[in-house]
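1. I need the structure of the sequence given here:
(chains A and B)
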Amino acid sequence: MAELIVKTYYDNLKNGKLMGLKCPKCSTHSFPPKGTCNKCGNPDLSWVQMSGEGKINVYSVLNYPGGEFQAVAPYAFGLVKMKEGPVFYTMVKGVDLDDPWKGNMKLPVDATAKVEKVGTKSIVVFYAKK
Amino acid sequence: MAGKPVASIIGVGCTTFGNVLSTPEIKGMTLQELYMTACKEAIADAGINAVKDIDAFYIGNYLPQSVHQLSENSQTCDWLGLQGKPSINFATACSTTNTGLGLAAMSVMSGKYDCILVTAGEILDSQPKESAETVASTPLEREPLDIGKMFYWTMYGGDTIYDNYGAASGFAYYGPWQMIEYGRRYKLSLEEMDRVEYMIRRNDRLHASLNPKSLMKETYEEEARKAGYKDPFEYWKKTNPYGAWPVRAKSFLNTCDGASAYIVCHPKLAAKMTDKKPIDVIGWGWSTTNTPFFEDPLEYTSHKLAYAEAYKMAGVQGKDLDYLTTHSCSATMAELESAETGGYFKRGEAAGAILKERTLYTGDKPMNVTGGRHAFGHAWSASAGAELYEIVKQMRGEAGKRQMANDVKLAGMQNEGALFHAAVSILKRR
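-> Model prediction:
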């Protein structure tokens, strides 16, 4: 049976699930999932559902993004440190778009992931907790 | 063994960076003619003969979609007098001609070849009219290329499995996050960071105005004056909207067409092959990362690793360099993050140095004296070669009115290719 990592990820994403891979030897998580542990080199990783919890550390505001994202601009794009360890760059919401400098000075802030549709794409969005 | 010369640069060449549809020096040129022009200059600079002296050549191009070409080595060999010689096509995107130094060094140190020609070229602002759907009578029929389409193709070098299907980043990680984090960490206001960003690009424009091969010939002050502004920083703020906040639109790179080339030989042969003062490669480092490129915006993983590898091989540290060129697609990423990760400045000191004009060609810590990817122009794979061209000219004292105040004996060159291959090379004047 072929190992279809990308198909597994996107099939689950459409159903609102964030699936990653975890190394059984060193417990390092890979998200979005890649095929080999980059910490210890173990090629045999196991699927896990990510908690969707993390912290937003920094964000920019995009005024002229490409493709389907023009329709939802301006929006914030941030660096999220996920609870399980991976760093993930994605759309963030619940942050200050009117004064993003001030907003960034208040970071990091806890955040929770939701899967949302933008055009044809399902994307992971992290919402800052109030 | 640290610091031992592993290759010598004996000749450099570079076309004017511009647009083959309009820039007089390169108008009407095909990609083959761009390569040829840069290579002829490098061969003449070294004072060698292509057929007799060059053992092999390595040729780069990143964006075949805008030239409708592959296998540039076979298509170009006879344009360079190298019919029948060994060759490879290679690319690490925008670090290609930095990476070529290490490839050439490995080649000459293995004993397989004595003398290597490295070249790369791009045409990014136009495309052939001939395609699978359309016809043209000759390859000279080209049409302007939509910049959105060109960047879409360029991002084939990004993470095409996840990132390109995620929330479009707008290059937020490539300048904007660095600007925010730098201000936050070192307690600088948005206004102060905006001025740092302005000064970097103002310096780029000044440097480019001194260079006949650059894309942008006008200083920022001249542009502001023509627009009716006495204060160029006011002009910067009032006519320059945010692209990816807080980085302004005029802080972005400017794409162009062009080619660069250089000749590398075994260090023991340099004095025999050329009358020019040899410039030795004493170290290089490479590092490749996919997303995420960093956890700390002020320290790219690939930059840290590539600098460390290059310095270890060269037996030097960043503070020892007389000159550093960084890959300046984004001003704040290059001149704050890379210069500090590379140890050219201590952490938190680059912004103050830029504001005090220490990084100008007249300063004591010069950087990016070509004008970099913003003002000299960015022809993807060829750009690092343009920086190498300048370093060699500066080290030889051949840069004319743009000659740096620093006597550059030891230089560092950092580039990155989408997305990301970091390459750092350390060069020493013999």
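2. where does the closest residue to B:Asp55 other than its chain neighbours sit: helix, strand or coil?
-> For B:Asp55, ignoring the flanking residues on the chain, the nearest one in space by Cβ to Cβ, 6 or more residues apart in numbering or on different chains is B:Tyr113 at 3.9 Å. Using the backbone N, CA and C atoms, a C-beta is placed for each residue, glycine as well. State at B:Tyr113, reduced to three classes by DSSP: H, G, I helix; E, B strand; the rest coil: coil.
3. for the one 4 residues further on, same thing?
-> For B:Leu117, the assignment made with three-state DSSP gives strand.
4. mind listing what it touches?
-> B:39, B:42-43, B:50, B:54, B:56-58, B:80, B:82, B:261-263 (Cβ atoms under 8 Å, 6 or more residues apart in numbering or on different chains).
5. sorry, back to before: how many residues are close by the residue nearest to B:Asp55?
-> B:Tyr113 has 19 neighbours, counted by other Cβ atoms under 10 Å in any protein chain shown.
6. hang on, isn't it packed against B:Asp53?
-> No. With contact defined as Cβ atoms under 8 Å, B:Tyr113 does not count as touching B:Asp53 (10.9 Å).
7. for chain B, which residues are neighbours of chain A?
-> B:148, B:151-152, B:161-163, B:165-170, B:172-173, B:176-177, B:180-181, B:183-184, B:190, B:241-247, B:290-292, B:294-295, B:297 (Cβ under 8 Å from any Cβ of the partner chain).
8. mind checking if stretch A:70-78 is in reach of chain B?
-> Yes. Using Cβ under 8 Å from any Cβ, stretch A:70-78 reaches chain B at A:74-75, A:77-78.
9. show me what counts as buried in stretch B:416-427.
-> By neighbour count on 16 or more other Cβ atoms under 10 Å in any protein chain shown, the buried set for stretch B:416-427 is B:416-427.
10. measure A:Pro108 to chain B for me?
-> Between A:Pro108 and chain B the computed distance is 11 Å (Cβ to the nearest Cβ, to the nearest Å).
11. got a pLDDT number for that residue?
-> A:Pro108 carries a pLDDT score of 98 in this model.
12. can you tell me the closest non-neighbouring residue to it?
-> Per Cβ to Cβ, 6+ apart, closest to A:Pro108 is A:Lys55, 4.2 Å.
13. the one you found: neighbour count?
-> The number of residues packed near A:Lys55 is 18, by other Cβ under 10 Å.
14. before we move on, what about the one 3 residues further on?
-> Residues contacting A:Val58 under the criterion other Cβ under 10 Å number 23.
15. for the strand or helix carrying it, list the C-alpha coordinates in CSV.
-> Here A:Val58, judged by DSSP states H and E, is contained in strand A:53-62. C-alpha atoms of strand A:53-62 as CSV (Å, rounded to 0.1, in the frame of the first residue of the first chain):
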residue,chain,number,x,y,z
GLU,A,53,-3.3,24.9,20.3
GLY,A,54,-0.4,27.3,20.0
LYS,A,55,0.9,30.8,20.4
ILE,A,56,1.0,33.6,17.9
ASN,A,57,4.5,35.2,18.1
VAL,A,58,4.4,37.8,15.3
TYR,A,59,2.2,38.9,12.5
SER,A,60,2.1,41.1,9.4
VAL,A,61,-0.9,42.5,7.6
LEU,A,62,-1.1,41.6,3.9
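16. quick check: mean pLDDT of it?
-> 97.
17. what pairs with it, parallel or antiparallel?
-> Here strand A:53-62 has these sheet partners by DSSP bridges: strand A:75-82 (antiparallel), strand A:109-118 (antiparallel), strand B:244-245 (antiparallel).
18. what ranges does chain A have for its strands?
-> A:19-22, A:29-30, A:46-49, A:53-62, A:75-82, A:87-93, A:109-118, A:121-128 (DSSP state E).
19. check chain B too.
-> Counting by DSSP E, the strands of chain B are B:7-14, B:56-60, B:87-90, B:115-122, B:126-128, B:142-144, B:244-245, B:258-265, B:279-288, B:323-325, B:410-417, B:421-429.
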